[in-house]
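Novice: how would this look folded up:
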Amino acid sequence: MTARDARLHAFRSDLADARLKGEVAADRFVAGRPARISASVADMRKAPRPDAGVNTQALFGDDVLVFENVEGWAWVQAEHDGYVGYVADTVLDGRYHAPTHIVSVPRTFLYPGPDLRFPVSGQLSMGSAVTVTGAAETRGTHYALLPSGEAIISGHLRSVAEAAADYVTVAETFLGTPYLWGGTSGFGIDCSGLVQLSMRMAGKNVLRDSDMQAATIGEPLEPGPDFVGLRRGDLVFWKGHVAIMTDAKTMIHANGHTMLVSREGLKEAVARIGFLYGGPTGFRRP
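Specialist: Predicted coordinates for the structure are as follows:
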């Protein structure tokens, strides 16, 4: 990373974030307009085209700053991790209500009213932020009511003021979730997305990509011979990959080998990954 990493700073030759004036060269500088993600999951792309690669995703309720709207695309920066990219402008809305709760299970459904027998009206991932305006009970099931009139299972939410005690426990709830390049949600997630979302639920905002995480999370760690110094919660990095230790010998990671979030023995993973990509490049303790 550099101070002007384009993934984390909104600048192009023709346009840049007004906060970068004097630091970068651009034809024009603008202040970001506050907006909020209104889609369940919003792909954030490298370029304003539907065939451009997905670098990351934003979740329902995420706050962003909008620097440009052109031909159906918005150039934005996510406020929680600073990531910059392009999203369809249809996924943006105003910041009309202050979020009160966060989805605390990997996936949940929205209903048009407080009844699980109603046809589903939407779905949300862990980490999505919602505003609860009321409560209802139907046949013993408790619902939280949203400004849209929709309902969500109240037991699938936690207050925005709460945080999980152990980020590894959060990561373990994603076991079996499909691997998705650029994914950050319970519907599909990649290796660094799993680290970021799990830590976010534990009250710690970290950067998005594995190289950023390898440079910034916690402290570097020397695990010693045969990795005997590792413990639950430590991070293991390879070039372009990261895994979370669940105990001294086992890790959990979203990976392209199983195409799932899965457990794997560290030594087995080192041997398997090393065959194609080399050994671990570093270890960190959050």
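Novice: Next one: Ala135 from Arg107, what distance?
Specialist: 22 Å (CB to CB, to the nearest Å). Just so you know, the C-beta spots here come from the backbone N, C-alpha and C atoms, and that holds for glycine as well.
Novice: So for the two, which residue has more residues nearby?
Specialist: A count of neighbours by other CB atoms under 10 Å puts Arg107 above the other of Ala135 and Arg107, at 17 against 12.
Novice: Can you pull the phi/psi pair for the more buried one?
Specialist: phi -150, psi 150 (degrees, to the nearest 10).
Novice: Next, work out how far apart the residue lying closest to it once chain neighbours are set aside and Val105 are.
Specialist: Excluding the flanking residues, the one nearest Arg107 by CB to CB, 6 or more residues apart in numbering is Gly186, at 4.2 Å. To Val105, Gly186 is 8 Å away according to CB to CB.
Novice: any common contacting residues for the two?
Specialist: Shared contacts of Gly186 and Val105 (CB atoms under 8 Å, 6 or more residues apart in numbering): Met126.
Novice: Looking at those two, which is more packed in?
Specialist: Legend: neighbour count by other CB under 10 Å for Gly186 and Val105, higher for Gly186 (25 against 15).
Novice: Thought Met126 was touching that one, still the case?
Specialist: Yes. Counting by CB atoms under 8 Å, Gly186 does reach Met126; the two are 5.0 Å apart.
Novice: what is in contact with those two at once?
Specialist: Common neighbours of Gly186 and Met126 (CB under 8 Å, 6+ apart) are 105-107.
Novice: Give me the outermost residue of the protein relative to its centroid.
Specialist: Arg139 (34.5 Å; CA atoms, centre = their mean).
Novice: how near is that one to Ala78?
Specialist: Counting by CB to CB - Arg139 and Ala78 are separated by 39 Å.
Novice: Also Asn255?
Specialist: Separation of Asn255 from Ala78 (CB to CB): 24 Å.
Novice: give the contact list for Asn205.
Specialist: 80-81, 199.
Novice: which ones among the residues you listed are found in helices?
Specialist: Judged by DSSP state H, helices contain the following of those: Met199.
Novice: Which one (most neighbours) among the contacts of Asn205?
Specialist: Going by other CB under 10 Å, Met199 tops those with 23 neighbours.
Novice: quick one: low-confidence ranges for this structure?
Specialist: When residues are selected by pLDDT under 70, those of the chain lie in 1-3.
Novice: follow-up on the earlier one: take the contacts of Asn205 and lay them out in JSON lines including distance to Thr100.
Specialist: JSON lines is the format used below for the contacts of Asn205 (distance: CB to CB, whole Å):
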{"residue": "His80", "distance to Thr100": "17"}
{"residue": "Asp81", "distance to Thr100": "22"}
{"residue": "Met199", "distance to Thr100": "22"}
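Novice: quick check, nearest of the contacts of Asn205 to Pro50?
Specialist: Relative to Pro50, the closest of these is Asp81; by CB to CB it sits at 23.7 Å.
Novice: which residues touch that closest one?
Specialist: Applying CB under 8 Å, 6+ apart, we find Asp81 in contact with 196, 205-208.
Novice: In PyMOL, select just the buried ones from the residues you listed.
Specialist: Entered in PyMOL, the line below selects the buried ones among those, by 16 or more other CB atoms under 10 Å:
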select buried, resi 196+206+207+208
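Novice: Restricted to helices, list the contacts of Asp81.
Specialist: Among the contacts of Asp81, the ones falling in helices (DSSP H) are Gln196.
Novice: need the longest strand for the chain.
Specialist: strand 63-70 (DSSP state E).
Novice: For it, which helices and strands make contact with it?
Specialist: strand 16-17, strand 33-37, strand 73-78 (3 or more CB pairs under 8 Å, 6 or more residues apart in numbering; DSSP states H and E).
Novice: mind redoing it with 7 Å?
Specialist: strand 33-37, strand 73-78 (3 or more CB pairs under 7 Å, 6 or more residues apart in numbering; DSSP states H and E).
Novice: and it, which strands flank it?
Specialist: Applying DSSP bridges, strand 63-70 is found paired with strand 33-37 (antiparallel), strand 73-78 (antiparallel).
Novice: got the buried residues for it?
Specialist: So strand 63-70, judged by 16+ other CB under 10 Å, has buried residues 63-68.
Novice: Looking at the residues you listed, which one is closest to Gly278?
Specialist: Nearest to Gly278 among those, with distances taken as CB to CB, is Val64, at 36.1 Å.
Novice: and the closest one, bridged to which residues?
Specialist: Taking DSSP bridges as the rule, Val64 bridges to Ala35, Ala78.
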